[in-house]
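Colleague: only geometry, no sequence info:
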């Protein structure tokens, strides 16, 4: 079986190996995209769209807003791809764009929320209607409280709790130190508790 080879430019990691379409790395896709292969960027989108959508959804609260934000993230990534230096993983760079786009856009409007979190809806068929209603209301209160947190605290909380990222990855995404991430997370939890009392 013949496999096509990605168009080559200088690799970000300075290796000069041949890469096939069957399993290109993110670095290979970036190089191919910079060489003019738009299919390479389509592959980047396919590879990262679910994670980016999830980040945007946690900030936006609705499918429509999250989809718009995710699309904006990939448009900005495409336009800024020449500025990607490969010092961090491509996924980390995309997360950083997603957090910045989400924070900036959501600062302009009050986010609407909808309950599509599958963890919130498990076993609802056997749950009493009153208990289900209380749980749904509490989930809405938590989402609204998270939206009221300061920007850095909100971003840190979302990335740590909902995406289970380690502190170092969050620091890379937010462009801060691990100590600052830990402090923001601690303050976010304290502020969230106050908002929910």
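Modeller: Structure received. Owing to the predicted nature of the structure, the values given are computational and were not obtained by experimental measurement.

Colleague: the bottom helix or strand of the protein by mean pLDDT?
Modeller: Ranked by mean pLDDT, DSSP states H and E, the helix or strand of the chain with the weakest confidence is helix 118-121, at a mean of 44.

Colleague: Beyond that one, next helix or strand please.
Modeller: helix 129-147 (DSSP states H and E).

Colleague: So which elements touch that following helix?
Modeller: Contact here means 3 or more CB pairs under 8 Å, 6 or more residues apart in numbering; DSSP states H and E; on that basis helix 129-147 packs against helix 118-121, helix 151-157, helix 178-196. (Each C-beta comes from the backbone N, C-alpha and C, glycine too.)

Colleague: Name the nearest residue to residue 59, sequence neighbours excluded.
Modeller: Nearest residue to residue 59, sequence neighbours excluded (CB to CB, 6 or more residues apart in numbering): residue 102, at 3.6 Å.

Colleague: what's near enough to touch that neighbour?
Modeller: Shown in contact with residue 102 (CB atoms under 8 Å, 6 or more residues apart in numbering): 55, 56, 59, 60, 69.

Colleague: Go through stretch 164-182 and flag the buried ones.
Modeller: By neighbour count with 16 or more other CB atoms under 10 Å, stretch 164-182 contains the buried residues 165, 167, 169, 170, 171, 172, 173, 174, 176, 180, 181.

Colleague: So residue 155 sits against residue 99, correct?
Modeller: Yes: under the criterion of CB atoms under 8 Å, residue 155 makes contact with residue 99 at 5.0 Å.

Colleague: Name the residues contacting each of the two.
Modeller: Contact with both residue 155 and residue 99 is made by residues 173, 174, according to CB under 8 Å, 6+ apart.

Colleague: How about stretch 30-47, which residues are buried there?
Modeller: 30, 31, 32, 33, 34, 37, 40, 41, 43, 44, 45.

Colleague: out of the residues you listed, who's nearest residue 87?
Modeller: Nearest to residue 87 among these, counting by CB to CB, is residue 30 at 12.5 Å.

Colleague: which secondary structure elements does the helix or strand harbouring that closest one contact?
Modeller: Taking DSSP H and E as the criterion, residue 30 maps to helix 26-34. Packed against helix 26-34 by the contact rule (3+ CB pairs under 8 Å, 6+ apart) you find helix 38-60, helix 90-106.
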